[in-house]
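S.K.: take a look and give me a structure for this.
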Amino acid sequence: MQFWHYLAIRLIQAFFVVFLVVTIVFFVSRTVGNPEVGLLPFDASGADLERVKENLGLNDPLLVQYGNFLWDLAQGDFGTSWRAAGGAPAIDAIGSRALNTFKLGVAGLVVAIALAVPLGILAALKQGTAIDWLARVLAVIGQAVPGFWLGLMMIFFFAVELGWFPTGGADGWRALVLPAIALGMLEMAAIMRLTRSGMIEVLDTDFIRTARAKGLSERVVITRHALRNALLPVVTMLGLSLGRLIGGSVIIEIVFAWPGIGRLIIDSIVQSDYPMVQASIIVLAASIALTNLLVDVSYRLIDPRIRAGAA
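M.R.: As a prediction, this is how the structure comes out:
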């Protein structure tokens, strides 16, 4: 019962976080841009502009617009794109884009984990050696190199010069490799350093010395005892990393012409397509909030000593 009470509280918190983000986006978007101007020819008259504003509901007071927006949202209506042909629902245009962004974020996280966790474990086991030094240098490079610059360099060498991968787009798994590496390198550095420090701390505890004194193999000591106890802060970082990767892939999507939701948000902001921006932000905010919720719940599976009430 304690777990379900904790889960209900976290769901309510996630709901209010999404609600706050969407409210901020709504009011900020209304303070910039004149969307009616872009919907009409350059020489449109003032009467035509007023007619478009009236049709879009932009002549209503701001609080009335906000109330209408919340009422439509409560009914599952995310709005209609002002730029799409035929006035298509905004959520329809987001569907495939959101899937592409999620795919890219997960791929970037897989790249980060595949590089960071083994390197962090090796660096902790070989503390002070050349392997440890190399891992720390890679972590510094990963945090210092901008993702867009790394993406451009990889496009030049691996796509243009060598022709191993396409320069952009989302056609097949090969198109996913370069953007996933560019996106995952920054998180790789943070995860690797956290894994290393966690393993060093755990390896110096009494229960690890006791496990070794019992004659357990080093592999069992590392994988079954040390790694599991060092995973908790790493899992926290993974949850936050996935949220950052999903929400922060805008630049990578632009560099690699990846048809994701981040690129859609940028295009919609330029065009002052408020419904599309709002719907996209709702999807991103809900995804990040859900990811953090799943991370909190996973603590009980990783370390049974943790109870929801104490968390």
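S.K.: quick one: low-confidence ranges for the stretch 51-200 of the chain?
M.R.: 52, 55-56, 82-87 (pLDDT under 70).
S.K.: mind listing the helices for it?
M.R.: Here the stretch 51-200 of the chain has its helices, by DSSP state H, counting those that start in this stretch, at 62-74, 90-125, 130-144, 147-154, 174-203.
S.K.: most tightly surrounded among those helices?
M.R.: Highest mean neighbour count among these (mean count of other CB atoms under 10 Å): helix 174-203, with a mean of 22. Any C-beta I mention is one placed from the backbone N, CA and C, and that applies to glycine too.
S.K.: beyond it, next helix or strand please.
M.R.: The element immediately downstream of helix 174-203 (helix or strand, assigned by DSSP states H and E) is helix 206-213.
S.K.: go through that following helix and flag the buried ones.
M.R.: For helix 206-213, burial by neighbour count (16 or more other CB atoms under 10 Å) applies to 208, 211.
S.K.: can you show me the helices along the stretch 201-311 of the chain?
M.R.: Going by DSSP H, counting those that start in this stretch, the stretch 201-311 of the chain shows helices at 206-213, 218-220, 227-247, 250-255, 261-270, 274-302.
S.K.: would you mind putting these into CSV with distance to Ala47 and mean pLDDT alongside?
M.R.: Compiled in CSV, the helices of the stretch 201-311 of the chain are given as follows (distance: least, CB to CB, whole Å; pLDDT from 0 to 100):
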stretch, distance to Ala47, mean pLDDT
helix 206-213, 79, 76
helix 218-220, 79, 73
helix 227-247, 41, 70
helix 250-255, 38, 82
helix 261-270, 26, 78
helix 274-302, 22, 76
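S.K.: closest one to Gln13 among the ones you listed?
M.R.: helix 274-302 (8.3 Å; CB to CB).
S.K.: helix 261-270 and that closest one, what's the angle between them?
M.R.: Put simply, helix 274-302 runs at 150 degrees to helix 261-270, going by axes from the mean of the first three to the mean of the last three CA atoms, to 10 degrees.
S.K.: residue contacts, Phe165?
M.R.: 158-159, 174-175, 177-178 (CB atoms under 8 Å, 6 or more residues apart in numbering).
S.K.: so Ile261 makes contact with Ile282?
M.R.: No - Ile261 is beyond contact range of Ile282, at 10.7 Å (criterion: CB atoms under 8 Å).
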